[in-house]
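K.L.:
no FASTA, just this:
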């Protein structure tokens, strides 16, 4: 299984950050938790949210008013949208997949994409 | 909800390092652990409290009580130098990470 994040490396304040995770070697509809994790420069990991194969989503309480995760099934990829971004949203964004088709842990990680929020 | 980890742990090569992750009612959740080396994506080293993914060395083990989860490295190697994060999984709390512990092997 390989994951690859893509999207703009820079977003203006107040705009929407949109990223895509391309998945190869697996089907996003086969099961598992697919999700996003971010890491601000020189800081720790922050969970953003997960989407299950049936489309059910779980979001971080601190981001739930601004975040959405969805599938792009024909392209076997999933997407992250984060609205009304500020400098605090500057981070490396990782897409992930769980090791089991249940609450478990993220065993597959993309290489990450640095997104800078700046005008 | 909040998790606490010590900022740093030091261990001599070949000795045992224990990294703690503290919270409340941890028995209600699964705990997993990640290793992140500089400039790399994290690696899952333990999941569902005490299960080891394929390919993770047996020197990594984990345990949990109601208030503390522990990751133990028995016979630490220089290659184990990294930041280690705990993460909770469970109803309504999926995903919360601890702040991370930097492990130095020296």
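P.N.:
Now that the structure is in, tell me what you want to look at. What you are looking at is a predicted structure, and each value in this text was computed from that prediction instead of being measured.
K.L.:
If you drop the residues flanking it in sequence, what lies closest to the residue nearest to the spatial centre of chain B?
P.N.:
By Cα atoms, centre = their mean, the mean C-alpha position of chain B lies nearest to residue B:33, the distance being 3.9 Å. In this structure, residue B:33 finds its nearest non-sequential neighbour in residue B:46, 4.3 Å apart by Cβ to Cβ, 6 or more residues apart in numbering or on different chains. Every C-beta, even on glycine, is put in place using the N, C-alpha and C of the backbone.
K.L.:
Once you drop chain neighbours, what's closest to residue 75?
P.N.:
Assuming you mean chain A. Excluding its sequence neighbours, the residue lying closest to residue A:75 (Cβ to Cβ, 6+ apart) is residue A:22, at 7.5 Å.
K.L.:
wrong one, I was asking about chain B
P.N.:
Spatially, and ignoring its direct neighbours in sequence, residue B:75 is nearest to residue B:59 (5.0 Å; Cβ to Cβ, 6+ apart).
K.L.:
I'd say residue A:55 and residue A:68 touch.
P.N.:
No: applying Cβ atoms under 8 Å, one finds residue A:55 not in contact with residue A:68, separated by 11.6 Å.
K.L.:
which ones are touching the residue nearest to residue B:33?
P.N.:
A:105, B:31, B:32, B:33, B:52, B:53, B:56, B:60, B:61, B:62, B:71 (Cβ atoms under 8 Å, 6 or more residues apart in numbering or on different chains).
K.L.:
can you rerun that using 7 Å?
P.N.:
Residue B:46 makes contact with B:32, B:33, B:52, B:60, B:62, B:71 under the criterion Cβ atoms under 7 Å, 6 or more residues apart in numbering or on different chains.
K.L.:
do the same with residue A:12
P.N.:
residue A:119.
K.L.:
before we move on, what about residue B:77?
P.N.:
When the contact criterion is Cβ under 7 Å, 6+ apart, the partners of residue B:77 are B:13, B:105.
K.L.:
All the strands of the chain, residue numbers only.
P.N.:
Reading this off chain A. For chain A, the strands defined by DSSP state E cover A:2-6, A:10-11, A:17-24, A:33-39, A:46-52, A:57-59, A:67-72, A:77-82, A:91-98, A:106-109, A:113-117.
K.L.:
I was thinking of chain B, sorry if that wasn't clear
P.N.:
Secondary structure of chain B by DSSP E: the strands cover B:8-11, B:16-22, B:30-36, B:43-46, B:60-64, B:68-74, B:82-89, B:101-105.
K.L.:
mind putting the ones you listed in CSV, distance to residue A:89 and mean pLDDT included?
P.N.:
Formatted as CSV, the strands of chain B follow (distance: least, Cβ to Cβ, whole Å; pLDDT from 0 to 100):
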stretch, distance to residue A:89, mean pLDDT
strand B:8-11, 28, 98
strand B:16-22, 26, 97
strand B:30-36, 20, 97
strand B:43-46, 25, 98
strand B:60-64, 32, 97
strand B:68-74, 29, 98
strand B:82-89, 20, 96
strand B:101-105, 25, 98
